[in-house]
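> Mind looking at a prediction? Sequence and model below.
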Amino acid sequence: EVQLVESGGGLVQAGGSLRLSCAASGFIFDDYAIAWFRQVPGKEREGISCIRSTDGETYYAPSMKGRFTISRDNAKNTVYLEMSSLKPEDTAVYYCNARTWPIEYWGQGTQVTVSS
């Protein structure tokens, strides 16, 4: 069974930091690029960052660059998203996504709430 399980969300004050984890199982993790998205109710899901499977190259949405850092540990089948200098507008459900064309999987999401 394919699973992507996000964890590490919670309530944090503005200016604080969180590290999200995405633990994968049920597929060959090394073959998949992993991305983080977030979604606020009533809005479209927004891409944050992606890390490639082949060489670990990373990509960030321009608004996220500098505050968010993605990394992966293939030995643990886990991807991380380090978030710093958090703002109330970062409040959302954060999802991880594993993809290798034409296949993709989604996790169930973890809530991040940033208080002002």
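Looks like it came in fine.
> Please, where are all the strands along this protein?
In the chain, the segments counted as strands under DSSP state E are 3-7, 10-13, 18-25, 33-39, 46-51, 58-60, 68-73, 78-83, 92-100, 103-106, 110-115.
> Spit out the contact partners of the most centrally placed residue in the chain.
Central residue of the chain (CA atoms, centre = their mean): Trp36, 3.0 Å from the mean position. By CB atoms under 8 Å, 6 or more residues apart in numbering, Trp36 lies in contact with 20, 22, 47-50, 68, 70, 79, 81, 94-97. Placement of C-beta: from N, CA and C, glycine included.
> hmm, 10 Å instead?
Trp36 makes contacts with 6, 20, 22, 46-51, 60-61, 64, 68, 70, 79-81, 83, 94-97, 107, as judged by CB atoms under 10 Å, 6 or more residues apart in numbering.
> okay, the strands of the chain in JSON lines with mean pLDDT next?
Below are these laid out as JSON lines (pLDDT from 0 to 100):
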{"stretch": "strand 3-7", "mean pLDDT": "97"}
{"stretch": "strand 10-13", "mean pLDDT": "98"}
{"stretch": "strand 18-25", "mean pLDDT": "97"}
{"stretch": "strand 33-39", "mean pLDDT": "97"}
{"stretch": "strand 46-51", "mean pLDDT": "97"}
{"stretch": "strand 58-60", "mean pLDDT": "96"}
{"stretch": "strand 68-73", "mean pLDDT": "96"}
{"stretch": "strand 78-83", "mean pLDDT": "97"}
{"stretch": "strand 92-100", "mean pLDDT": "97"}
{"stretch": "strand 103-106", "mean pLDDT": "96"}
{"stretch": "strand 110-115", "mean pLDDT": "98"}
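> Nice, that's everything, thank you.
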